[in-house]
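[1] Got a sequence here, can you build the structure:
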Amino acid sequence: MNDLVNEIEKLILNLNENISILIKDLSSENEIYNLNSTEKLVSASTIKVPIMLAIFEEVKSGKVNLNDTILVTKNDILDDTEIFENGENYYSINELINWMIIESDNTATNVLLKYFGMENINNYIINVLNIKNTYVQRYMLDEKAIKNGLNNYMSQKDMLDIFTLLFSKKILNNELCEKAINILYNQRCQNQIMRYIFEPVKYAHKTGSLDYLSHDVGVMNIKDKLFYIGISVWNSSDKDGDKKLIGKIGKIIYYYLNQ
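    Next up is the predicted model:
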């Protein structure tokens, strides 16, 4: 593992970037690499993973069905959507969850947050996922809330714990865990850790970006072994959050673990 550590640190040593990296073989107790993994960070769209799991808990308990529909109104539809461009309509909870994850659609996320409630989501995160630095305080793209000091947060350690619970199927039930994992495998946002990897790779993950901040977190299947790989860059010198740096680190990690 020293070669991997040396390669990563050679790349990031002289950079003026704040970086959090966490790599772990899910079959082992030992972390492969850990840099600033407990740092509490603004979550951007990575918060959508625990939102999805909290909704699946409602499905498990029988409170809702994935085929139940929710009206997405004209007022709900945000300017950044590529999914709800055709105006208001009814969508199933299942479809909204998929768009929230695979396209990171903010309209779908806000509709689900309003329907299920932030307090309900946070109670699930605290009481079931049992993590401390991840919670929801605002809707997506809510600039007024941010100015008022409200935001959504995560840490790489929390995300490792969430993905470990999901892949070990210690939450929800087998069917809903498999559904969540498959949605994450269908991720279409591949411009960070996957950026410079040309080979087909199974990576169940979620990206997130805001100005000067980027995350990519998830579980990669390499030769039938599962590895949590998460990278964050924050307070970046790059307004786009330096996704290229995340891509360079991701390529080093992938090709090392694939040897």
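
[2] Go through the chain and flag its longest helix.
    helix 243-257 (DSSP state H).

[3] Can you mark which positions in that one are buried?
    243-254, 256-257 (16 or more other C-beta atoms under 10 Å). All C-beta atoms are positioned from the backbone trio N, CA, C, and that covers glycine.

[4] Would you map the helices across the stretch 101-250 of the chain?
    In the stretch 101-250 of the chain, the segments counted as helices under DSSP state H, counting those that start in this stretch are 106-116, 118-124, 143-147, 156-167, 174-185, 243-257.

[5] Distance to Asn6 and mean pLDDT for the ones you listed - can I get that in TSV?
    Formatted as TSV, the helices of the stretch 101-250 of the chain follow (distance: least, C-beta to C-beta, whole Å; pLDDT from 0 to 100):
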stretch	distance to Asn6	mean pLDDT
helix 106-116	39	98
helix 118-124	40	97
helix 143-147	39	96
helix 156-167	21	98
helix 174-185	31	98
helix 243-257	10	96
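
[6] Looking at those helices, which is nearest to Ser209?
    Of all those, helix 243-257 sits nearest to Ser209, with 7.3 Å by C-beta to C-beta.

[7] neighbouring contacts of that closest one?
    Contact partners of helix 243-257, identified using C-beta atoms under 8 Å, 6 or more residues apart in numbering, comprise 3-4, 7-8, 11-12, 15, 17, 19, 21, 23, 33, 191-197, 201, 209, 214, 216, 220, 222, 225, 227, 229, 231, 233, 238.

[8] From the residues you listed, list the buried ones, please.
    Neighbour counting by 16+ other C-beta under 10 Å classes 4, 8, 12, 19, 21, 23, 33, 191-195, 197, 209, 214, 216, 220, 222, 227, 229, 231, 233 among these as buried.

[9] Buried residues of stretch 50-61, list them for me.
    By neighbour count with 16+ other C-beta under 10 Å, stretch 50-61 contains the buried residues 50-59.
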